[in-house]
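> have a look at this prediction, sequence included:
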Amino acid sequence: MTLEFEHAHGTALVQRAGSSDERHFVLVHGIGVASHYWARLVPLLARSGTVHVLELPGFGGAPQPPAALSVPQLAGVVTAYCRFAALDEPVLVGHSMGAQVIVEASVQDPGLGSVVVAIAPVVDPQAPTALRQGLRLLNDFVLEPPASNLAVVRDYVRTGPGYFLASVPHMLDYRMEDAAARLAVPLLVLRGSRDPIVPLRWAQQLCQLAPQARAVTVQGAPHAVHFTHAEEVAAEVLAHVEAVLGLRR
């Protein structure tokens, strides 16, 4: 079932899976993509709670606003949805540009989530241009299995090249380093060992900046680690959440 969530910045689409009210996971996609490439992770997380898969305004099947939204604007949509749905300290999970969005959402509303999980976060300061990011993306495309590339391409087609390209400057302009340093909740940075877009050095840098953080590398995984190694990612996310919440008891 797909729900429409109306916001001042545009309309988001939300798919829900699972039936437990004990824990909520909010999944936010990266640039150009949407819900398809979460397909393998969702059922694994749904065993432990309710999963909310967002398609933000302009991406996937969500209607496109007049202009591409900035990362802070996209984060505003996420925070508004969480408040609208009355989610109690959800686990915020974002991939690539989606990692920027959930970190920004947590900075905008420090009481929103319990844990922030940044999967393959961008943008590495040593590759700050569209050209260098594009070259890394092409390198990753070769490393991804066909099923992963198919899921990504399906979402790219739904989003369209125009909105994708209009969103790129917003992704490049966002200072993930500054936002990470302002986080008030624990951060898990998760990446694949073969990810050419997110080198280990960059993941470690984010963890050093954030007040509470740790980095996990999944061996053999490319950029879409949540798709190619969904079981390992789900296990790491759930273990991290249990460790964080256990300290609060």
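Good, I have the coordinates.

> pLDDT weak spots in this protein?
Scanning the chain with the threshold set as pLDDT under 70 gives 246-249.

> tell me how far the most centrally placed residue in it lies from residue 100.
The residue lying closest to the centre of the chain (Cα atoms, centre = their mean) is residue 94, at 1.4 Å. From residue 94 over to residue 100 the distance is 7 Å, taken as Cβ to Cβ, to the nearest Å. Just so you know, the C-beta spots here come from the backbone N, C-alpha and C atoms, and that holds for glycine as well.

> any residues in contact with both of these two?
The contact sets of residue 94 and residue 100 overlap at residue 121 (Cβ atoms under 8 Å, 6 or more residues apart in numbering).

> for this protein, which segments count as strands?
For the chain, the strands defined by DSSP state E occupy 2-7, 10-17, 24-28, 50-55, 91-95, 115-119, 187-192, 213-218.

> what is the helix of greatest length in the chain packed up against?
Secondary structure assigned by DSSP state H gives helix 230-248 as the longest helix of the chain. Using 3 or more Cβ pairs under 8 Å, 6 or more residues apart in numbering; DSSP states H and E, the elements in contact with helix 230-248 are helix 42-46, strand 91-95, strand 115-119, strand 187-192, strand 213-218, helix 225-228.

> what's the angle from the fourth one to strand 91-95?
Direction vectors for strand 187-192 and strand 91-95, defined by axes from the mean of the first three to the mean of the last three Cα atoms, to 10 degrees, enclose an angle of 40 degrees.

> returning to that earlier point: CA atoms only for the longest helix of the chain, dumped as PDB, please.
The C-alpha trace of helix 230-248 is given here as PDB (Å, rounded to 0.1, in the frame of the first residue of the first chain):
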ATOM      1  CA  ALA A 230      21.100  -7.000   2.800                       C
ATOM      2  CA  GLU A 231      21.400  -9.600   5.600                       C
ATOM      3  CA  GLU A 232      24.700  -8.200   6.800                       C
ATOM      4  CA  VAL A 233      23.400  -4.700   6.700                       C
ATOM      5  CA  ALA A 234      20.200  -5.600   8.600                       C
ATOM      6  CA  ALA A 235      22.200  -7.400  11.200                       C
ATOM      7  CA  GLU A 236      24.500  -4.500  11.700                       C
ATOM      8  CA  VAL A 237      21.700  -2.000  12.000                       C
ATOM      9  CA  LEU A 238      19.700  -4.100  14.500                       C
ATOM     10  CA  ALA A 239      22.800  -4.800  16.600                       C
ATOM     11  CA  HIS A 240      23.600  -1.100  16.700                       C
ATOM     12  CA  VAL A 241      20.100  -0.100  17.600                       C
ATOM     13  CA  GLU A 242      20.000  -2.700  20.400                       C
ATOM     14  CA  ALA A 243      23.400  -1.500  21.700                       C
ATOM     15  CA  VAL A 244      22.300   2.100  21.800                       C
ATOM     16  CA  LEU A 245      18.900   1.500  23.300                       C
ATOM     17  CA  GLY A 246      20.400  -0.900  25.800                       C
ATOM     18  CA  LEU A 247      22.600   1.800  27.200                       C
ATOM     19  CA  ARG A 248      19.500   3.900  27.900                       C
END
